[in-house]
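> Whatever this is, show me its structure:
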Amino acid sequence: MFVPSVGMSVYYGSKHVTNGCDVKPSMATSPPKLNITGHSDELYTLVMTDPDAPSPSEPRMREWVHWIVVDIPGGTNPAQGMEILPYMGPRPPVGIHRYIMVLFQQKAPLGLVEQPPTRANFNTRLFAGNLDLGLPVATIYFNCQKEPASRRR
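Residues are numbered from 1 along each chain as shown. Have a look, this model is predicted:
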């Protein structure tokens, strides 16, 4: 449990992402417009994961990491930070997947952080622990499911 202490707004196009809302994979192919509050002398790390990979009933690849950005100055957005793992849009193969964005306040600049060897079986808690990030300061999650294939005539 944590108490949110920093504001984080997320938009995919004109859609404002709120906890538990539905986002279509086609809307989320590019990174969201994400802004964080906070002071410019504070730095943040953003992690986006899918805890339901490959399926909610059998999440054996939990967590699938979609994005990691470090050294984001407060009052800005991830483009001002250092991307450790490039953004990968949601591609849920089956079922409704949750996608979670977690923001941590850093104690100091992190600089080059080793990229995870694979996107599968990532552990946000362990990652945060290894970098001494402490508890999250903001989170947002949304739901996403595979879109029906378009029918061509």
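> mean confidence for the one helix or strand G129 maps to?
For G129, the host element (DSSP states H and E) is helix 124-130. Averaging pLDDT along helix 124-130 yields 96.
> Which strands or helices does that helix pack on?
Applying 3 or more C-beta pairs under 8 Å, 6 or more residues apart in numbering; DSSP states H and E, we find helix 124-130 packed against strand 43-50. Every C-beta, even on glycine, is put in place using the N, C-alpha and C of the backbone.
> hmm, back to that, next secondary structure element downstream of the helix holding G129?
Sequence order places strand 136-145 as the next helix or strand after helix 124-130, per DSSP H and E.
> Report the angle between that next one and strand 43-50.
With axes from the mean of the first three to the mean of the last three C-alpha atoms, to 10 degrees applied, the angle from strand 136-145 to strand 43-50 works out at 30 degrees.
> center of this structure, which residue is that?
Taking C-alpha atoms, centre = their mean, the centroid of the chain lies closest to M48, which sits 1.8 Å from it.
> That one and W64 touch, don't they?
No. In this structure, M48 is not within contact of W64 by C-beta atoms under 8 Å, at 9.8 Å.
> and the residue lying closest to Y44 once chain neighbours are set aside, how many neighbours does it have?
Nearest residue to Y44 in three dimensions, chain neighbours excluded: I72, at 4.5 Å (C-beta to C-beta, 6 or more residues apart in numbering). Using other C-beta atoms under 10 Å, I72 is surrounded by 24 other residues.
> Helix, strand or coil: sort out I72 for me.
strand (DSSP: H, G, I helix; E, B strand; the rest coil).
> just checking, what packs against the helix or strand encompassing I68?
Following DSSP H and E, one finds I68 within strand 64-73. Other helices and strands packing on strand 64-73, by 3+ C-beta pairs under 8 Å, 6+ apart, are strand 43-50, strand 82-85.
> which one of these is the most hemmed in?
Highest mean neighbour count of these: strand 43-50, a mean of 24 (counted as mean count of other C-beta atoms under 10 Å).
> distance between that one and the chain's centre?
Its chain's C-alpha centre and that of strand 43-50 lie 5 Å apart, by C-alpha atoms, centre = their mean, to the nearest Å.
> Looking at the helices and strands packed on strand 64-73, spot the one closest to S14.
Closest to S14 of these is strand 43-50 (C-beta to C-beta; 20.0 Å).
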